[in-house]
Structure formats: structure tokens, C-alpha cells
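1. From the sequence below, what's the structure:
(4 chains, ligands or ions: 6)
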Amino acid sequence: MADLTARFAGLTLRNPFLLASGIWGESGDSLAGAWNAGAGAVVTKSIGTKPRPGYPNPTVETYERWGMLNAMGLPNPGIDEYPREVEVARRAGATVVGSVFGGDAEEFAALAGRLAETGVVAIELNLSCPHAEGFGTEVGSDPRDVEEIVRAVVRRVRLPVIAKLTPNTADPAALAAAAERGGAAAVSAINTLRGLAVDVRLRRPVLAHGLGGLSGPAIKPVGLACVWQIFDTVSIPVVGIGGIGRAEDALEYVMAGARAVEVGTAVAFEGVGIFGRLVRDLGGLLDSLGIARLEDAVGLAHRAPSGTMP
Amino acid sequence: MADLTARFAGLTLRNPFLLASGIWGESGDSLAGAWNAGAGAVVTKSIGTKPRPGYPNPTVETYERWGMLNAMGLPNPGIDEYPREVEVARRAGATVVGSVFGGDAEEFAALAGRLAETGVVAIELNLSCPHAEGFGTEVGSDPRDVEEIVRAVVRRVRLPVIAKLTPNTADPAALAAAAERGGAAAVSAINTLRGLAVDVRLRRPVLAHGLGGLSGPAIKPVGLACVWQIFDTVSIPVVGIGGIGRAEDALEYVMAGARAVEVGTAVAFEGVGIFGRLVRDLGGLLDSLGIARLEDAVGLAHRAPSGTMP
Amino acid sequence: MRTVVAVSERVGETPSTVTLRFPFDPPADPGQFVMVWVPGDDELPMSLSYTDGTSKGVTVKAMGDTSRRIQAIREGDALGIRGPYGKPFDLAPRRILVVGGGSGAAVLAPAAEKARALGASVTVALGATTRRELLFADRFRSMGATVAVATDDGTEGDRGFVTGVAARLVGETPFDAVWTCGPEIMMRKVLDAAAPRGVPVTCAVERHMKCALGMCDACALGPYHVCTDGPVFSGVALAGVPDFGRYHRDPSGRRVPF
Amino acid sequence: MRTVVAVSERVGETPSTVTLRFPFDPPADPGQFVMVWVPGDDELPMSLSYTDGTSKGVTVKAMGDTSRRIQAIREGDALGIRGPYGKPFDLAPRRILVVGGGSGAAVLAPAAEKARALGASVTVALGATTRRELLFADRFRSMGATVAVATDDGTEGDRGFVTGVAARLVGETPFDAVWTCGPEIMMRKVLDAAAPRGVPVTCAVERHMKCALGMCDACALGPYHVCTDGPVFSGVALAGVPDFGRYHRDPSGRRVPF
Ligand SMILES: Cc1cc2nc3c(=O)[nH]c(=O)nc-3n(C[C@H](O)[C@H](O)[C@H](O)COP(=O)(O)OP(=O)(O)OC[C@H]3O[C@@H](n4cnc5c(N)ncnc54)[C@H](O)[C@@H]3O)c2cc1C
Ligand SMILES: Cc1cc2nc3c(=O)[nH]c(=O)nc-3n(C[C@H](O)[C@H](O)[C@H](O)COP(=O)(O)OP(=O)(O)OC[C@H]3O[C@@H](n4cnc5c(N)ncnc54)[C@H](O)[C@@H]3O)c2cc1C
Ligand SMILES: Cc1cc2nc3c(=O)[nH]c(=O)nc-3n(C[C@H](O)[C@H](O)[C@H](O)COP(=O)(O)O)c2cc1C
Ligand SMILES: Cc1cc2nc3c(=O)[nH]c(=O)nc-3n(C[C@H](O)[C@H](O)[C@H](O)COP(=O)(O)O)c2cc1C
Ligand code: FES
Ligand code: FES
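-> Ligands and ions are numbered 1, 2, ... in the order given. You can find the predicted model right below:
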């Protein structure tokens, strides 16, 4: 079977499928569960300085099998409690990427510093949650902020830093370039798209918070476009996120320029067994396409010759 | 049956369902067809200074019934030829909104001026096509550009000017505010979301142009969020666009703040008969909710009381 | 699938408990739950206390703000309902001991009803703070179950915890299964009492829930998600979970002792 | 639904025409077309010249850049295919005159084949520039159709246009239907010839196509979209369309005279 090893930012993962942040990532047992199910690595829930309960319910709305809207509101146990969960996951052998969110560069750096001590292999910066006041896109939409935050974190930790970018922007590549300037080892894209659902019978937004973030198959084209544009602009590696539920989806991202991918909503639609299936299916798909190593497919769609048969 | 009249920007439409720009709008006969099928008004294809063939095929990719990606590349017969088509539609009795796209304020103004002479009732400015170099989002992502273009057009024509905004931005409300400052009578939102599809077997983007624009049900939550934020920010009326295929979808937009809506991709999925069905279904839906006039529902979701039963 | 329903019937079961019936088509099995959205307020997981046909129901005990508010709901009021979610009870056992505390009877009653209809014999150990708070005692009796009661204040049946009654019954009578729902510490005790007799126990567990889709991790319980792997768990599964009966997680995901 | 297929067979039909066969499951009827994507090049509408079973086919005449490039495709090469799209022929008529010019026979052959299999009698008027360019003459003969030929250079059959042959046949023999595909001016003439005899005509029309979904308006023809309302139209419908046989639209949507 084709070699699925994913190498980027100094990491070597057994396969390219990471558990995305915010899915199954609040507890160490769940992180371990996703790892045991076959994930190449697991990303923690985004952790903040203090415990946060998140928004009241309803926090999710689903659209058949093609989309999901959520406004969890970054619930998390806080950096004082969370190392315990990382420890549980690491004891199970999991390769863990720590995710943090903060309101400014110093908060990001402090959180990253704390999380770096837990044995995570990299730090992902959530610069992109579309529905948390004072966090996420509010600090991740301006290239200057992105650069400053990344730089502060890079100065603080020895681990590779991955800047997770928002699609709610006119120019995702400019944000990636800012992350690169700041010293990021990689960027990941995308977080959710700002979205809303209204219940016409109840005459109000469905989510208690009103605005939420759209995820799932619906956003795959948007994620692919971001990865495509970022790959054309920066030289640091890209991790693709958004709507991945099949091996084909992952390979689309890889051919658009991603060296690994994260899987979120599909875990809800299919269950955690999806990781094992994705690994098997991607192996089979690469074999059928005559691609020996996943790495050989990175960015392939950018090099498609025009005017000739493949 | 409930009163579906839509009033905004000095217009009075028999119902709130406009044919969206770029769908069925290249020929006058098709505009007439959509009108005859029951549309409240029809928006022309976006017209430019010179004839444009658009991009080579493939120009579209579909995702089951929930999405479509296109990169037509703004094909249009050019402003010299197009008045003939408006004339055909008007002879059939259609209420026609003219759409134009340009590279700068002067080109927009000149085009609007020409189209205004054809008997259209309003001018929609395409400030938002996500895949045409030098046009669309490239001139519609910066509030200063939006304000300048709108102002130039408003100075040139006596008709109401509708600024059609992009969702590919960190802050749609800021673009709407710019349009309002420039003198727009209304804004419409959203145009398509930048997207990409890769064919993993052919190892290349599906669309000949590479990047395209995502439309259909998948983008409804994003369109609703934009309308919601815009309604909270400006006082000019909003026309909602994106993923509308059912009466419920339209009412979601209205409750989020829209005074009318445009229907695009659903025309491809269901056929032009959709206009008649939407009108019937919306009437029935309002009746069942005890809402006598569609106008009464505008922005209703912003006023939902919390902590009480509806 | 979320739908908005109008409450068709409101029944006061006990001073602190009401049942709300509403039209809801999707088929459901006893043990499954729905997310009940009280518009303007919160959305809470509630077991279906009536699972058959198109008129479903939930039975809600006044606890905090939202469940209190639910008490005030009138017939005709609108609720958002999504589900049903989760794994139901296995209805195969023939001799069943049902142990319910507090609002736990809400999920046990329809399960016992279905098991009875399939020919099982059902014994119920029912606990409450006081006589008037005994939930579904009549419903259990009218399905032909034997009902033994414990109240904290001794106003009916044994004075004290229902776990005492349950332990006695397990000792006296051979059962194929014990089903229990109630405070987690109670369920842990039921587990401990049944284990030495080798009677398999099934617990309906409650955890803070948000998505109900096995995604957000709010309901994590050891390696399980209560919303998708439960809420109905075998005692064997729970025996391997140190947190069961000891810690739950608050909405921020912090572990909090019971 | 777009799929990528590998060409399973390449058959040179005439010096300027090749048939490409490929595995493609979706059911199709004669008259329908697919969008054929030549990767790195363009995507063109092509009628299915073989509509049955899982091995479908298109028959392509070298015209401009892309159709020329298609000529160079080898067995095993990859093509993107989406469809089938459009309205097929009505196969009910019993006595059918088929009038084909140029690549028009590509869509007429499978329709005639199916009609024959249903028991219809088929007469074919086939035109080409020269003998060697006559498309599917043998295919029509081997399905048991009577074939009359016209070539521009007189190398086979009548010298001149196939419309002359068609007019003669319509005068001589009673037909229930005339089916025609070819240059639009030719089809307009066939319409005019059949009209006085009261024989209903069906035309398979070509227009510039982009979406093939009835959305982009590229293929607008009067009130119709060729991709969804056609490509097979009744002559009655087309008679009310002033542009038919006179104007088509270029890729920018400009009306261009034929
Ligand atoms: C699967 C399941 C089935 C349930 N079935 C029933 C039932 O049939 N009848 C019944 O009365 N109750 C049931 N509950 C409990 C119910 O969901 C609420 O916990 C309870 O009504 C208190 O809510 P509150 O908001 O009024 O209380 P609060 O004042 O908000 O809190 C009181 C307690 O309720 C918990 N709680 C609050 N919100 C939630 C939530 N979203 N999910 C879980 N717990 C929460 C808090 O953690 C706290 O321990 C069930 C819970 C679960 C998980
Ligand atoms: C429903 C339908 C069925 C068809 N079936 C067949 C068939 O079975 N066999 C066959 O050989 N041809 C068929 N054609 C015609 C074919 O699609 C092309 O028009 C032709 O092959 C020339 O393409 P080109 O790019 O090589 O030529 P170009 O040099 O690009 O142009 C030559 C002519 O082809 C037209 N053309 C180019 N692109 C398109 C397009 N996307 N859609 C329509 N016309 C286009 C141009 O307008 C021009 O008139 C069909 C067309 C339609 C609409
Ligand atoms: C319920 C939920 C919670 C999420 N929480 C976080 C989070 O805490 N931090 C973060 O960076 N992204 C978070 N995300 C975004 C996902 O990591 C991912 O970027 C997004 O959902 C797109 O991927 P998907 O389509 O595979 O879900 C969350 C997404 C969902 C659906
Ligand atoms: C094929 C196609 C062509 C389009 N062309 C235009 C255009 O010329 N001008 C414009 O303003 N919007 C254009 N749009 C955008 C639509 O008007 C609309 O904003 C978008 O598709 C979202 O609505 P929908 O989901 O109902 O399709 C086009 C959309 C599609 C799908
Ligand atoms: S409630 Fe979200 S995982 Fe169970
Ligand atoms: S090809 Fe687009 S409408 Fe027919």
C-alpha cells in the first residue's frame, strides 16, 4: 500500500489525518480514543487562560449530511486543568498537538508556553474562531495581528507553531504570509465560515449565540481555495481543513497543496471509526492512481499541464 | 393569502423573489421567461464595457443538490449589444434590474448610465464576483473602493443603486456601511464564496479557471450571517441572496433583515417553475404563521425576546 | 433533524415534575433522548418518557433555571425538538428489576412498559424525597409491575434510599437484569449490590450535553460519549470508567466531583 | 454527476470523425448528450452516439481546436464525462425519415436503431461533403434502414445537399415523423419541406453550451434553453423561434447570424 506518512514542520505522522480542534478534544480519554481509532495525530480543544463554559444551548444546527453550524463559544477547562487531559492522551501513546486561543500576543504566548510543557509535539494557534468576542477572527483577520501573535509564540516555545487561519477574509494568502513572517512552521486552514440559521416558526436565530461557524462538506470548496491560494504564496507547509470525510476529499486538499489534513465534522456524521476508514481508503486510492507516496501528491494540481492528456 | 409585496429602495415588487444576476440573464427571452414564471423582478447578467466570452469550460461543478461551483468569467455581450435584450424583456412586461461590473468607478458609472437608459428600474453593482481578475471582489473588498464606486454611480443615474456585496471579507457590514455612505439605495448580499474543486484522477482543478464561486444551499448560512450583520449596521434595505430554494429559506432571510431575496442556483436545480412555487409556498407559510404581510417579518429575528415563550 | 412542536398536553406528575406531550413522528425506543429547546432559554437533553406512536413525551423535574421554566410551559406553547438520540435499552431480559430515583423513572417507565408488553416480569424499586414526589408509581403498577418504594422522609415505603430496597430485592429474587436511572452515586451503589449476584446491570447515565452528536466532547465519560455511546450503558462498560459515580464535567469540561 | 473515464475504444469513422467508447453507467436515451471534458483543454457537449448499456460512446467531428484534439485521443486516455443531459427523441412514430448532415448522424443513429428495435420503419437521407465523410451509412444499413445519400462532390448518391433528397422522399413516401440533425440552415429547410405535407419534424439542435444545467443562458434559443428544453425539439416549437436557423449566440451571448 502507498506510503501515507505525513512530514511537515519537523513532524513525522503515521498518516495525514489529524483530529481537528474542538472535536473530541476536551478530554484526554477522547483524544486517546481518536488516536486509537487511527488518527495520525490529535489536536486538543482550543485552550484559554481560564475555564470557559461556552455559550448556552442550542450550540449546533445540522444540515442533512452536508453541513453543520455551531457556536460552542470556546468552552474549555482552562490551562490550569488541561495538562491533565494531555497527560491521559499521551499515556495512551497519542501524538498530541496543543491548540490555544487568546486575546493578544502575550496571552497566546503564555498559553503556548504552558501547553508546550505537557509533551505536545506542536502548537496550533486558533486565530480563526468566527463567533467568540475578543478572540478568534477578531484577532486573526489582520495580517499585522497574526504576525505579531505568531512571533510572540515562536519566541516563547521551541515547538513548531501552526497558525490556524480564517476563511472569513478577502485574502487568506495574506494571512498565511503574515504567519510565515512571524516564524510559523506551518499554517492550517480553514476554521469555520461565519454563518447563521433562523427558525422561522420561533422567529429567532437557532443558536443561542446567534452567529456561528459553518463546517462540513459545504465548506470543502472554500477550504480548498484557501489552501490553493496559500500554497501559491508561502513556502511553509499547509494543513488542510474543512469538509473532509472521504479519502478523495483529503487527496483534493493534498493536490491543492496540503501536507496533512484535519477532520472535524465528519467525526460527528460517521463516528470516530472514520479515521481507520480514511487511512484504508486513501491507501487504496493512491494505489489505484499509481501514486507511491502521499508526499508525491502534494501540490500536484498546481502543476497540471494544460493542453495535454494526463 | 398573505401580502407578499416587497417595497425597498423606492421599488414596489409583486413578490420578493428576484431572479439573481447571472442566471438566465444573458438573453431578453430568458429574462422574460423568469418574469412569466412569476419572479418579482429579474436581474440581468452583469454587463461590462466590451463583449466577454468568459472562461473556457469546464465552468461549473455541482455537489449533489447542495452546492455549485462556477467560474463563468463574466461572459456578456457588452453594453453596446445588451440594451436589445432588456428591450425584449421589457416588452414582455418584466420588471428588470440592470447589473453591471467594471474595473473602476468611472467604468461602473458609464455602464450604469448606459443601462439606465434602457428602462431598468434599478442598477445593481456587481462588486463581488470572486473569480474575475480586475473586477468583482478585486474592486469590492475595500470599503473605500465600494464607497467611491457607489458614489460615482449614484451621481450618474437617477435610479436606485443596489450594491451587491461579497461574503469573502472579514467584515461584510463595513462594506455595507461604505455603500450606504456612497449613497446606495440598498445593498444585496451575497455573491458566491471563493471555492475550488480538484479532480484527483486528473490531478487538476475541475474548473478551467481554477478558482470559482460557491453557490446554492451550502452558502445559505453565510448569506444569512451577512444579512444579519448588515441589518444591524446600516439603515438602507438589504436584499438577501444565497442558497434560497424554499419559502422557508426566503423567510429566514427576511427575518434576518432582508426586504427581498434573489434566487440563483435553485433555478438550475428545480427549473424556472420554482418562482411560482416559491410565491405559493411563501404565502402559505406566512398564513400558517399568522403573518399578514411579508413586510411585517422583516428583521423579526433581531427582536426575539429571550426568556419567554413565543 | 430539528422540528418545532406545539405542546399538546401538559400533565403535572408530582409537585416538581411535569410531563409534556407533543406530536413528534420519528420512531424512538425507550432509553433514547431528545434535545428540548425552550426558545429564548436553553436546550436540554430529556429522555423520552413516552416513545410510542406520534405523540411523544418528556417528563421534566424542576432543577435549575431551564427545567423550572419548562414547568411553566402551557399547552400550545412551542418547543424545538431534535433527536431521538442515543442507545436504547435491550428489551430481551425476562425478569427485570427496575431501580429508579428522582426523575430516573422518566426513562425507566417506557422501557418497563415495553418489556412487559413483550412478556417480561418487572419489579420496581422506586425512590423519592417524599411520597408526593414518587414518579410514575401508578404507571408502573398499571403495567402489572410489582412496586417497592423508599422515601427519604418515610411518607411511603421504606424510610431512606431506594438503594437499600434494591439491594434487598436483588438478594431475595432471581433477576436477569437490573435497570437503573437516577443520581450517579445511587447507580454506582446499585452496580455494587448486583455485581456479587452476577446480575447484569444497565444504567441510564446523565452528563452535561451540548451537541448530542458525539462531537463536542461535553458529555465525555471515560472513553465514551454519553450522547452516542449511551445514555444506556452496561454496568460492565461503566465498571471500567473510574469517573462513573465520582466525577462529572461541568460545561467548561472541568472534572467536578459529585 | 461528473466521472472520469478511460477511453476503451477508438474507432475512426471517417477521415474527420472518430468514435470514442468509454464505460459510463448512467442510463441514457437517444438524443441526450454529455459534456466531454478533455483535461487541459475544453469541455464540449457531445451527443451520445451509443446510448445502451454501460459502454457509451460519442462520435466527434474535427471542427475547431478541441474537437481536433479529441481526434488525437488514444485508448486508455482519460476524459471527464457529465450527464446525460437533455430531452431524448420520442420513439413512438412508426414510419420515420431521418435526415442527417455532417456529424448529425451521430445522434440520429442510436435513435433510429432504437426505433427499429421497436418495429418502426426507417428511411435515411444522409449527407456529407464527400463519400468518405458519410457518417454511419453502414450502421444505418445494418439496422435495416433504407439509405439515400447526397454528397457535395457527387462521389456517392445525389450531388448536392441532403435537403434535396429529403424533400424528394417526403414527397414520395408517407412518414409519421422526420428526425433531423445537422447544420441549422439545413434543418430549417427540412422543416420547410415537411411542413406543407403535415409531417411533424423533430430537430436536434446545437448551441454553445457552458453549464448544461439550464442556468448560464449560454444556449438560449428564444424562450428555450437547448441544454434542458432540448436538444431535441419539435418543429412546431422551433417554428415560433425567429432565431432558429438564423442566429446563434457566441460565447459572450452576442447574437451572430449563421
Ligand atoms: C441523556 C439525558 C436524559 C435526561 N433526561 C431527563 C429527564 O427525563 N427528566 C429530567 O427532568 N431531566 C433529565 N435530564 C437532566 C436535564 O437535562 C437537566 O440536567 C436538568 O433538567 C437540569 O437542568 P437545568 O438547566 O434546569 O439546571 P441547571 O441549574 O442549569 O443545572 C442543574 C444541573 O443540570 C445540569 N445541566 C444543565 N444543563 C445541562 C445540559 N445541557 N445537559 C445535561 N445536564 C445539564 C447541570 O450540570 C447541573 O448539574 C437528562 C439528562 C441527560 C443527559
Ligand atoms: C447538444 C449538442 C450535441 C452535440 N453533439 C455533437 C456530436 O455528437 N458530435 C460532434 O462532433 N459535435 C457535436 N456537437 C458540437 C460540439 O459540441 C462542438 O461545437 C464542436 O465539436 C466544435 O468544437 P471545437 O471546440 O472544436 O470548435 P471551436 O473552434 O471552438 O468552434 C467551432 C464551433 O463550435 C462551437 N463550439 C465551441 N465550443 C462549444 C460549446 N461549448 N458548446 C457548443 N458549441 C461550441 C463554436 O461556437 C463554433 O461554432 C454538439 C453540440 C451540442 C450543443
Ligand atoms: C463543534 C466544533 C467545535 C470547534 N471548536 C474549535 C476549537 O476549539 N478550535 C479551533 O481551532 N477550531 C474549532 N473548530 C473548527 C474545526 O477545528 C475545523 O476547523 C472546522 O470545523 C472545519 O473542519 P470540518 O469541516 O472537518 O469540521 C470547531 C468546529 C466544530 C464543528
Ligand atoms: C452560473 C452563475 C453565474 C453568476 N453570474 C453572476 C453575475 O454575472 N453577476 C452577479 O452579480 N452575480 C452572479 N452570480 C452570483 C449569483 O447572482 C448569486 O449571488 C449567487 O449564486 C448566490 O445565490 P444562489 O445560491 O441562489 O445561487 C452568478 C452565479 C452563478 C451560479
Ligand atoms: S453532547 Fe457533544 S459529544 Fe455528547
Ligand atoms: S448551457 Fe447553460 S443554460 Fe444551457
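
2. Need the phi and psi values for the residue in the stretch 101-250 of chain C that chain D sits nearest to.
-> Across the stretch 101-250 of chain C, the shortest distance to chain D (Cβ to the nearest Cβ) belongs to residue C:213, at 28.8 Å. From N, CA and C alone the C-beta is placed, and that goes for glycine too. Here is the backbone geometry of residue C:213 (degrees, to the nearest 10): phi -120, psi 10.

3. what about the residue nearest to it when sequence neighbours are not counted, neighbour count?
-> Counting by Cβ to Cβ, 6 or more residues apart in numbering or on different chains, residue C:213 lies nearest to residue A:268, which is 4.4 Å off, once chain neighbours are set aside. Here the number of neighbours of residue A:268 (other Cβ atoms under 10 Å in any protein chain shown) works out to 24.

4. Kindly report the same for residue C:85.
-> Counted with other Cβ under 10 Å, residue C:85 comes out at 21.

5. residues contacting the nearest residue to it once chain neighbours are set aside?
-> Using Cβ to Cβ, 6+ apart and skipping the chain neighbours, the partner closest in space to residue C:85 is residue C:212 (4.8 Å). Residues in contact with residue C:212 (Cβ atoms under 8 Å, 6 or more residues apart in numbering or on different chains) are A:60, C:33, C:35, C:45, C:82-83, C:85-86, C:227.

6. Residue A:11 is in contact with residue A:160, correct?
-> Yes. With contact defined as Cβ atoms under 8 Å, residue A:160 counts as touching residue A:11 (6.6 Å).

7. residues shared between the contacts of those two?
-> Shared contacts of residue A:160 and residue A:11, defined by Cβ under 8 Å, 6+ apart, comprise A:121-122.

8. got the residue ranges for the strands in the stretch 201-310 of chain A?
-> A:204-205, A:212-215, A:238-241, A:258-263 (DSSP state E, counting those that start in this stretch).

9. Distance to residue C:196 for those - can I get that in TSV?
-> As requested, the strands of the stretch 201-310 of chain A are exported to TSV (distance: least, Cβ to Cβ, whole Å):
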stretch	distance to residue C:196
strand A:204-205	53
strand A:212-215	48
strand A:238-241	50
strand A:258-263	44
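
10. Tell me the one of the contacts of residue C:212 nearest ligand 2?
-> residue A:60 (43.0 Å; Cβ to the nearest ligand atom).

11. Counting neighbours, what do you get for the closest one?
-> Applying other Cβ under 10 Å, we find 27 residues neighbouring residue A:60.

12. who's it bridged to?
-> Beta bridges link residue A:60 to residue A:70, judged by DSSP bridges.

13. Same check on residue C:3?
-> With DSSP bridges as the criterion, residue C:3 is bridged to residue C:81.

14. Count the neighbours of it for me.
-> Neighbour count for residue C:3, taken as other Cβ under 10 Å: 16.

15. Report the contact partners of the closest residue to residue A:132 other than its chain neighbours.
-> In space, and not counting its chain neighbours, residue A:132 is closest to residue A:74: 4.9 Å by Cβ to Cβ, 6+ apart. Applying Cβ under 8 Å, 6+ apart to residue A:74 gives the contacts A:46, A:48, A:52, A:54, A:101, A:126, A:129, A:132, A:135-136.

16. and the gap between residue A:74 and residue A:135?
-> Remark: distance between residue A:74 and residue A:135 (Cβ to Cβ, to the nearest Å) = 6 Å.

17. The chain: helices as residue ranges?
-> Using chain A here. Per DSSP state H, chain A carries helices over the ranges A:28-36, A:83-91, A:105-116, A:137-140, A:143-156, A:172-182, A:220-233, A:247-256, A:265-270, A:274-289.

18. try chain C instead
-> Ranges of helices in chain C, per DSSP H, are C:65-71, C:105-117, C:137-142, C:162-172, C:184-194, C:235-239.

19. at contact distance from chain A, anything in the last one?
-> By that I understand helix C:235-239. No. Helix C:235-239 does not reach chain A (Cβ under 8 Å from any Cβ of the partner chain); its nearest approach is 13.1 Å.

20. Show residues contacting that helix.
-> With Cβ under 8 Å, 6+ apart as the test, helix C:235-239 has contacts from C:178, C:191, C:194-195, C:200-203, C:205, C:224, C:244.

21. Listing request: residues of chain A with sub-threshold pLDDT.
-> Along chain A, the parts satisfying pLDDT under 70 run over A:136, A:306-310.

22. Now do the buried residues in stretch A:6-18.
-> Neighbour-count burial for stretch A:6-18, counted by 16 or more other Cβ atoms under 10 Å in any protein chain shown, picks out A:6, A:8-9, A:11, A:13, A:15-18.

23. and if you look at stretch C:90-104?
-> Neighbour-count burial for stretch C:90-104, counted by 16+ other Cβ under 10 Å, picks out C:90-91, C:93, C:96-104.

24. List the residues that contact residue 94.
-> Went with chain A since none was named. For residue A:94, the residues meeting the contact criterion (Cβ under 8 Å, 6+ apart) are A:31-32, A:34-35, A:41-42.

25. The chain in question should be chain C.
-> Contacts of residue C:94 (Cβ under 8 Å, 6+ apart): C:119-121, C:176.

26. Throw those into CSV and include pLDDT and neighbour count, thanks.
-> Supplementary listing: the contacts of residue C:94 in CSV, determined by pLDDT from 0 to 100; neighbours: other Cβ atoms under 10 Å in any protein chain shown:
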residue, pLDDT, neighbour count
C:119, 95, 7
C:120, 95, 18
C:121, 96, 17
C:176, 94, 14
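
27. Tell me which of these fall in strands.
-> Here DSSP state E is the test, and those give residue C:121 as lying in strands.

28. Among the contacts of residue C:94, find me the one that's closest to residue A:110.
-> Among those, residue C:176 lies closest to residue A:110 (Cβ to Cβ), at 56.5 Å.

29. Quick check: chain neighbours aside, which residue is closest to that closest one?
-> residue C:93 (4.0 Å).

30. Give me the distance between the one you found and ligand 4.
-> 53 Å (Cβ to the nearest ligand atom, to the nearest Å).

31. Now the stretch 201-310 of chain A against ligand 5: closest residue?
-> residue A:268 (8.1 Å).

32. Surely residue A:78 and residue A:53 touch.
-> No. Contact criterion Cβ under 8 Å: residue A:78 and residue A:53 do not qualify, at 10.7 Å.

33. list the residues that contact both of the two?
-> Each of residue C:252 lies in contact with both residue A:78 and residue A:53 under the rule Cβ under 8 Å, 6+ apart.

34. Next to ligand 5 in this structure, residues from chain A, please.
-> Within reach of ligand 5 by Cβ under 6 Å from any ligand atom, chain A has no residues at all.

35. Flag every buried residue along stretch C:101-119.
-> C:101-116.

36. same check, this time on stretch C:68-83
-> Using 16+ other Cβ under 10 Å as the test for burial, stretch C:68-83 gives C:69-71, C:73, C:77-83.

37. same question for that stretch, mean pLDDT?
-> Stretch C:68-83 carries an average pLDDT of 93.

38. what separates the helix-or-strand element of chain C with minimal mean pLDDT from the chain centre, distance-wise?
-> None of the helices or strands of chain C scores lower by mean pLDDT, DSSP states H and E than helix C:65-71, at a mean of 87. Relative to its parent chain, helix C:65-71 has a centroid offset of 18 Å by Cα atoms, centre = their mean, to the nearest Å.

39. Please apply the same query to stretch C:216-234.
-> Remark: stretch C:216-234 is offset 15 Å from the chain centroid, using Cα atoms, centre = their mean.

40. Alright, I will stop here.
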